[in-house]
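*Asks:* 3D model of this:
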Amino acid sequence: MHIHFIAIGGSAMHNLALALHQKGETVTGSDDIIFEPSKSRLEKAGLLPKEFGWFPEKITKNIDAVILGMHAKKDNPELLKAQKLGLKIYSYPEFLYEQSKEKTRVVIGGSHGKTSITAMILHVLKTQQKEVDFMVGAQLEGFETMVHLTKENDFILLEGDEYLSSPTDKRPKFHLYQANIALLSGIAWDHINVFPTFENYVKQFEIFMETMTANSVLVYNEEDKTLKEIVEKSTRPAKKIPYSTPKYKIKNGKTFLETNHGEIGIEIFGKHNLNNLAGAKKICEQLGIKAEDFYKSIADFKGASKRLEKIAENEKTIVFKDFAHSPSKVEATTKAVKNQFSDKKLLACFELHTYSSLNADFLKEYQQTLNAADEAVVFYSPKAVKIKGLENLEAEDIKKAFQHKNLKVYTNPEKFQKFLKSKDLNHKVLLLMSSGNYGGLDFDELNHWI
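*Replies:* Next up, the predicted model:
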């Protein structure tokens, strides 16, 4: 097949392009800008466009399928040409479904923990030498790409994002997968630019369950009240399997699971991560992995990229980076680090970066989410607020919303970095939470600062 990508440079899109190239398909693509690491990875595979921009002349009748990325607009010149020629146009999730129609589709959904749970499952399956196709939302250690597609594998593991499918398809991605087996980790309002009310957001998860196949299995976090309610009243999944946070201990900064097989030391930590682990175990059991083998395999799992990732450490200081951006994730991550290192002071830095987090009306959702930290910093870019067409934020609005007794607010990247460099971090943990980079912070330099 000849497959053309409109907006090939995106994190998910370029990984799908690489996976199809590895599978032997003919892949071409366009984009108006491509950042690292997508640029280098595409170039290495010979898939980097010769020049950036949109070129309708690239779109011909010889193309078998066009995959449309979210970065493209409805009036994209290549999209308009493809529509004019009557070519088959897929969104990213539509195409993944087409590639997996004959496979058992395992979908991991929920407002939080999707990537971590998917990563845990993949880690266990790899160490147990069980081959599956997959799509995950972060680069994982030991895996070359975030997408892997074959003709022969019976299972495909899909991270089920609830965001929109494409500029021309406003359905949430996970509605398109028609899961045979699924996991839902919890529901916490997010993406308010798309789902303006909590009720509307919850509805998407109810619809997801309705899209599951007739004899499907749903694994769900029974500790989430909203999720538990909608699962119990749903008639669609044929089988419903609850999970909850397992018993554990923390000894000298290391977490130990209390299991029927004895205490098992693990690399990850935090109640939310252990809850994720319990869900991953239930899914692995559905895939034929015994409990004893799961524990053996999960013991050395270090986490997905940017999910409580340790990026610097010496004898007195530890630095973690985390993707947390929604209120529930910020609170869970901050509490996890403080509980794990209770003998150290915690400096938690959080960047308001997404549309939801920068929305003045949504700010109140962050109330007391940083309270586990001894010191807290909130960073945001007024320029980003303006680009997103939102109301201006003031430092006092943020302090009022977070209600932390020791909170600083920065809007200037240089001043924020100067603050970090000047801090005495001896006997402290520094936690950097953001889906961005604080206006240009070089995370690799942090080893030189502590």
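
*Asks:* mind checking the SS state of residue 22?
*Replies:* What DSSP: H, G, I helix; E, B strand; the rest coil gives for residue 22 is helix.

*Asks:* check contacts around the residue nearest to it when sequence neighbours are not counted.
*Replies:* Nearest non-adjacent residue to residue 22, counting by CB to CB, 6 or more residues apart in numbering: residue 145, 7.5 Å away. (Glycine included, C-beta is placed from N, CA and C.) If you count contacts by CB atoms under 8 Å, 6 or more residues apart in numbering, residue 145 has them with 15, 18-19, 22.

*Asks:* for those residues, which one is nearest residue 3?
*Replies:* residue 19 (10.8 Å; CB to CB).

*Asks:* what strand or helix carries residue 284?
*Replies:* Assigned by DSSP states H and E, residue 284 falls within helix 271-286.

*Asks:* neighbouring contacts of that helix?
*Replies:* By CB under 8 Å, 6+ apart, the residues outside helix 271-286 that reach it are 106, 108, 112-113, 116-117, 120-121, 124-125, 181, 183, 185, 217, 219, 221, 223, 241, 243-246, 248, 255, 257, 266, 268, 291, 294, 298, 303, 308, 332-333, 335-336, 339.

*Asks:* number of nearby residues for residue 398?
*Replies:* Per other CB atoms under 10 Å, the neighbour tally for residue 398 reads 21.

*Asks:* how about it, secondary structure?
*Replies:* helix.

*Asks:* so where's this structure uncertain?
*Replies:* Applying pLDDT under 70 to the chain flags no residue at all.

*Asks:* let's have the contacts of residue 145 in TSV, adding neighbour count.
*Replies:* As requested, the contacts of residue 145 are arranged in TSV below (neighbours: other CB atoms under 10 Å):
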residue	neighbour count
15	21
18	23
19	23
22	16
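
*Asks:* returning to that earlier point: and the buried ones among the contacts of helix 271-286, selectable in ChimeraX?
*Replies:* The buried residues among those can be selected in ChimeraX (16 or more other CB atoms under 10 Å) with this line:
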select :106,108,112,113,116,117,120,121,124,125,181,183,185,217,219,221,223,241,243,245,248,255,257,266,268,294,298,303,308,332,333,335,336
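
*Asks:* before we move on, back to that, backbone phi and psi for the residue nearest to residue 22, please?
*Replies:* Dihedral pair for residue 145: phi -130, psi 160, per degrees, to the nearest 10.

*Asks:* change the start of the numbering to 39 and stick with it
*Replies:* Yes, from this point I'll number from 39; that puts the last item at residue 183.

*Asks:* how about this protein, which residue sits the furthest from its center?
*Replies:* Farthest-out residue of the chain from its mean C-alpha position, per CA atoms, centre = their mean: residue 99, at 35.9 Å.

*Asks:* that one should be in a helix, yeah?
*Replies:* No. Read with three-state DSSP, residue 99 is coil and lies in no helix.

*Asks:* C-alpha coordinates for stretch 218-229, PDB please?
*Replies:* Extracted in PDB, the C-alpha atoms of stretch 218-229 (Å, rounded to 0.1, in the frame of the first residue of the first chain):
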ATOM      1  CA  ASN A 218     -12.700  -6.800  23.000                       C
ATOM      2  CA  ILE A 219     -10.900  -6.300  26.300                       C
ATOM      3  CA  ALA A 220     -10.700  -2.900  28.000                       C
ATOM      4  CA  LEU A 221      -9.500  -1.100  31.100                       C
ATOM      5  CA  LEU A 222     -10.800   2.200  32.600                       C
ATOM      6  CA  SER A 223      -8.600   3.800  35.200                       C
ATOM      7  CA  GLY A 224     -10.800   6.600  36.400                       C
ATOM      8  CA  ILE A 225     -12.700   9.800  35.400                       C
ATOM      9  CA  ALA A 226     -11.400  13.300  36.100                       C
ATOM     10  CA  TRP A 227     -12.700  16.200  34.000                       C
ATOM     11  CA  ASP A 228     -10.200  17.200  31.300                       C
ATOM     12  CA  HIS A 229     -10.100  18.800  27.800                       C
END
